[in-house]
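Enquirer: Give me the fold of what follows.
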Amino acid sequence: MAQRRPGFDRGGDAGSPPSPLVQEAARILCEEAVVDYRTAKLKAAQRLGLGGNTPLPDNARIQAAVIDYQRLFGGREYAERLRQLRGTAVQAMRLLAGFQPRLSGAAVSGAITAAHRVQLHVFADKPEALDLFFEDRSIPYRQDDRVYRYPNGNEENVPLLRFEAGEIGVDVAMFGEDDLRRTPLSPSDGLQAKRLTLAEAEILAKMDVDAILGG
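Expert: Here you go, the predicted structure:
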């Protein structure tokens with residue numbers, strides 16, 4: 001198990017430190033390769049000896065705490081990893097330009113850990129179009145799927161294509177063409193997911209280490 005870090009005093013609401021539960025959940029996400037926020041919160045509550053009726057903090061607080069934790073303890077290694085994710089995302093989006101790619105997920109917010117992959121959303125009238133695109137270029141990939149939630153409460157299963165770009169993994173979710181303006185919820189903060197265009201992702205990828213670390 002990773003060595004426990006001392007408490008950190010940034011994040012949460014302006015002017016107040018995150019709660020011990022938020023801090024512990026952030027540690028679990030950053031140090032134990034957990035990517036699901038609810039799982040991290042439940043583990044944190046158990047380790048702190050909190051009862052089953054303890055209210056869990058919202059995901060937005062956890063996400064903010066992860067970023068602060070990584071800036072404090074991850075340092076330049078965290079910042080370089082984030083730059084690598086964002087640079088890989090830009091390269092993949094250029095490759096997939098014909099599918100109107102959008103960058104989403106932790107590479108946008110900065111709340112990454114060693115377990116995170118690039119998350120792209122692409123759009124086409126037929127899901128198999130992406131498979132054919134990769135097969136024509138002899139790019140190894142594997143198929144999967146992922147459930148996305150929408151603001152109206154609906155859940156939809158979306159085809160997923162996974163590939164590796166050197167040391168960085170890339171997940172490409174294949175949405176229908178009409179879904180470009182129908183945005184699912186982010187599993188991190190429960191709000192509508194951010195979707196960056198290639199031009200926006202290129203600007204993000206230009207952030208240097210000092211800017212990422214708040215210097």
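
Enquirer: Now do the same contact list for the nearest residue to L185 once chain neighbours are set aside.
Expert: Spatially, and ignoring its direct neighbours in sequence, L185 is nearest to R149 (4.8 Å; Cβ to Cβ, 6 or more residues apart in numbering). Heads up, the C-betas are built off the backbone N, CA and C, glycines and all. Contacts for R149 (Cβ atoms under 8 Å, 6 or more residues apart in numbering) come out as E155, P184, L185, P187.

Enquirer: could I get those as CSV with distance to A26, neighbour count and pLDDT?
Expert: Converted to CSV, the contacts of R149 look like this (distance: Cβ to Cβ, whole Å; neighbours: other Cβ atoms under 10 Å; pLDDT from 0 to 100):
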residue, distance to A26, neighbour count, pLDDT
E155, 27, 10, 94
P184, 24, 23, 95
L185, 21, 16, 92
P187, 16, 18, 78
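
Enquirer: for the residues you listed, which one is nearest D136?
Expert: P184 (28.5 Å; Cβ to Cβ).

Enquirer: can you tell me how far the closest residue to that closest one other than its chain neighbours sits from D171?
Expert: Nearest residue to P184 in three dimensions, chain neighbours excluded: Y148, at 3.8 Å (Cβ to Cβ, 6+ apart). Separation of Y148 from D171 (Cβ to Cβ, to the nearest Å): 12 Å.

Enquirer: Disregarding residues adjacent in the polypeptide, which is nearest to L204?
Expert: L204's closest residue in space is R86 (Cβ to Cβ, 6+ apart), at 5.5 Å.
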